[in-house]
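J.: Kindly generate the corresponding structure for this input.
(one chain, ligands or ions: 1)
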Amino acid sequence: MTVMSQGHGANDQRAQLEALYAAMAPKGLLPLWESLHALVLAEPQSPAKPWRWSYDEVRDHLMRAGDIISAEQAERRVLILENPGLGGLSAITPSLYAGLQLILPGEVAPCHRHSQNALRFVMEGSGAFTALDGEKAVMQPFDLVLTPAGQWHDHGNQTDQPMIWLDGLDIPTVRLFDASFAERLDVAAHPETVPAGDTLTRYGHNMRPLRGSLADRRPSARPLFHYRYADWRPALDAMASSAEIDPHFGHALEFLNPADGGPILSTISAHVRLLPAGFETRTRQATDGTVFVLVEGEATLELGDQEIRLGARDMVVIPSWVPYRFQAHSQTILFGYSDKASQMKLDLYRECNH
Ligand code: GTQ
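T.: Residues are numbered from 1 along each chain as shown. Have a look, this model is predicted:
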């Protein structure tokens, strides 16, 4: 906003203000009245752009990287999906990061831990693992695996196929708070602590170890870290065959933390949707900019004034508050993650279902 008044006085005031600003600037002082309406917006105007990444294109570049640099050398061999509206920030939305990670047969991505929360959504390959505090989660396509903040994790592939997954992290959120700590373990792979799948057995069936029993060894606030496609996909099918369909979401299920019924990570929420062939969602908008993977099917996403065509494994980001709707050309399965978990904690989340 510019301060206005009439006639000759305006030039005079402007000149005085400019002189004031020039004198203040070296002292770290700025006039709020010049920027108030750009700082306190009437509604979200995300600098992030709606954007689609074709899986096949990203994969080609990632495989080329695989020819040039090892997972061990890179620490994490990942192509960052950077939003073109957030250049230089390694961010897909202002609060979230996304990347595609490749682990080739025989490789290990060495063990480290950090303040950032991470999720992995498997795109391709079968039988490679993420180990969390020394417990392997053996991964299949479209499994969701978590590495919550502060827990040691390494990735390995003892199969004969490459494995590729989508990494979703809260890197920009942690950067906002200047709260990043990270360290490497002095060995590449954490020593095995319990058999693969142990936690899924104990926490993955709407049960938990009896308190105080020997079996109770995971951090109690967030024990479960593996959500299998083999479990969530049939659940969506069962819903689709019986339940009424939600006009904005289709058939949708949110992944939850069994310890408290809340979101999977302290900063990140994730869900899956099934849209029957021919189904068109009604338009909605929400403050949680969301990253989607189209798991199966073919769909058109109407996003603001754009139309984006999505095929299997394509990834797309819907920035905060941009109105969107999906049209499913064949039965479509979507995976999505967002910062809704953070926004709910901060009392910021809003949605509008049209
Ligand atoms: O696998 O731990 O894409 O630390 C970015 C940072 C993956 C990981 C990323 C990470 C990781």
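
J.: show me what contacts the closest residue to Glu351 other than its chain neighbours?
T.: Excluding the flanking residues, the one nearest Glu351 by CB to CB, 6 or more residues apart in numbering is Ala286, at 3.9 Å. C-beta: built from backbone N, CA, C; applies to glycine. Residues in contact with Ala286 (CB atoms under 8 Å, 6 or more residues apart in numbering) are Ser320, Trp321, Ser338, Lys340, Tyr349, Arg350, Glu351, Cys352.

J.: Could you list which of those residues also contact the ligand?
T.: On the criterion CB under 6 Å from any ligand atom, none of the entries of the contacts of Ala286 sits beside the ligand.

J.: quick check, nearest of these to the ligand?
T.: Checking these against the ligand with CB to the nearest ligand atom, the nearest one is Ser338 at 17.2 Å.

J.: Now do the residue nearest to Glu351 against the ligand, distance only.
T.: Relative to the ligand, Ala286 is positioned 25 Å away (criterion: CB to the nearest ligand atom, to the nearest Å).

J.: ok, so what distance separates that residue from Ile92?
T.: Remark: distance between Ala286 and Ile92 (CB to CB, to the nearest Å) = 16 Å.

J.: Around Ile164, count how many other residues there are.
T.: Ile164: 24 surrounding residues under other CB atoms under 10 Å.

J.: Let me see the backbone angles for it.
T.: Torsion angles at Ile164 (phi, psi; degrees, to the nearest 10) stand at phi -130, psi 130.

J.: go on, Pro148?
T.: Note on Pro148: its backbone torsions stand at phi -60, psi 160 [degrees, to the nearest 10].

J.: Name the SS class of the residue nearest to it when sequence neighbours are not counted, please.
T.: Across the structure, with CB to CB, 6+ apart as the measure, the residue nearest Pro148 apart from its sequence neighbours is Arg222 (5.1 Å). Going by DSSP: H, G, I helix; E, B strand; the rest coil, the secondary structure assigned to Arg222 is coil.

J.: Which positions in the stretch 151-300 of the chain make contact with the ligand?
T.: Counting by CB under 6 Å from any ligand atom, the stretch 151-300 of the chain sits next to the ligand at His153, Asp167, Leu169.

J.: if you set the cut-off to 8 Å instead, what comes out?
T.: Proximity of the stretch 151-300 of the chain to the ligand is assessed by CB under 8 Å from any ligand atom, with His153, His155, Asp167, Leu169, Ile171, Ala182 identified as the residues in range.

J.: ok, now which ones touch Ala188?
T.: Shown in contact with Ala188 (CB under 8 Å, 6+ apart): Glu72, Val108, Pro110, Cys111, Asp154.
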